[in-house]
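K.L.:
Sharing a model that was predicted from the sequence below.
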Amino acid sequence: MGHLDHAAFGWLTPTLSYAMACIGAALGLRCTVRALATTGRARRNWLITAASAIGTGIWTMHFVAMLGFRVSGTDIRYDVPLTILSLVVAMVVVCAGVFAVGYGKDRNRALLIGGLTTGLGVASMHYLGMAAVRLHGDVTYDPVLVALSIVIAVVAATAALWAALNIKSPLAVTLASLVMGAAVSSMHYSGMFAVGVHVSPSGATLPGATAMQFIFPLAVGLGSYLFITSAFVALSPTADERQASATAQRPVEGAAR
C-alpha cells in the first residue's frame, strides 16, 4: 500500500482551502440574506449568486486541498471532464438547496430538504473529484469514514442554510462562515482519510492532467471570482439602505414641486 500524504506542502494547502471555504460560505450567506429581503427577479438573481459562491467555495476548497495530496510510488493525474463535472454538480445541487430555502413556504421543511440535497450534493462533488484521480494502482475506501463524511456534509449544509435564514448581522455571518468552513474542511479530510491506495508500479504514462496544469489555474480563476463577487456584494446597497435613500429623497422631491 502506498503512503498517502494529505499535506505535501505543510499547512499551506489546508489553510488556503479553509480560507476558500470560509469566503464562499460568507459570500453565499450574505447573498441569501439579500435575497430574502427582496422579491421577484432580484431574489432569483441573489439566490443564483449565493449558490455559485457556495458551490465555487466548496469546489475550490476541495481541489486546493488536493494540491497537497501525494501517494508514494506513483504520479497523480486528473481526468478533466470528471473534474469539471464535479464543479457542475457542486453548483447545481447547492443552487437546488438555496432555492428550496429561498422560495419554500414551510421554512422547516425547506431547510431539511435543502440541507439534505445540498449535503448529498457536496459529498457527490467530493467523490466525483476523487473518481477523477488517475494513478498507478487501485483506490479503496473505508465505508465507515465515507459514511461519516456524508453525515458531516449534510449537517454542515443544513447548518449553513439555517444560518442564511436566521442570521442577519455581518458579524454573525462572519462567525457562521468560519464554522461552515471548518465543517466543509472536516468533511473533505474525513473523506480523504477513508482513502487507501494499493500501488502497482508502472512506467506507463498516466492519462489526464497534472494538478498544476489544470486544477491550479482553475482554482485561481474561481478564487478570483469569489474575491470580485465579494467586492460587488460589499459595495451594493442593502434593502434597508435603498429604502432609507428613497425615504430621504421624498421630502426633497416634494419641496421641489
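P.N.:
Done, it's in.

K.L.:
hey, let's count contacts and neighbours off CA atoms from now on
P.N.:
Fine.

K.L.:
All the helices of the stretch 151-257 of the chain, residue numbers only.
P.N.:
With DSSP state H, counting those that start in this stretch, the ranges of helices along the stretch 151-257 of the chain come out as 170-193, 216-235, 239-256.

K.L.:
contacting residues for the most centrally placed residue in the chain?
P.N.:
Centrality entry for the chain: nearest residue to the mean C-alpha point is residue 58, 2.0 Å, by Cα atoms, centre = their mean. Taking Cα atoms under 8 Å, 6 or more residues apart in numbering, we find residue 58 in contact with 20-21, 24, 90, 122, 184.

K.L.:
Pull out the buried positions in the helix or strand containing it.
P.N.:
Using DSSP states H and E, the element containing residue 58 is helix 40-66. Within helix 40-66, the residues that count as buried by 16 or more other Cα atoms under 10 Å are 43-44, 46-66.

K.L.:
Could you list which of the contacts of residue 58 belong to helices?
P.N.:
Of the positions in these, 20-21, 24, 90, 122, 184 sit in helices, assigned by DSSP state H.

K.L.:
which non-adjacent residue is nearest residue 28?
P.N.:
Spatially, and ignoring its direct neighbours in sequence, residue 28 is nearest to residue 50 (4.0 Å; Cα to Cα, 6 or more residues apart in numbering).

K.L.:
mind listing the helices for the stretch 1-150 of the chain?
P.N.:
With helices called from DSSP H, counting those that start in this stretch, the stretch 1-150 of the chain shows them at 12-36, 40-66, 80-103, 107-131, 143-166.

K.L.:
Surely residue 158 touches residue 110?
P.N.:
No. At 10.1 Å, residue 158 and residue 110 do not qualify as touching, with contact defined as Cα atoms under 8 Å.

K.L.:
Sketch out the low-pLDDT regions of the stretch 1-150 of the chain for me.
P.N.:
Counting by pLDDT under 70, the stretch 1-150 of the chain shows low-confidence ranges at 1-2.
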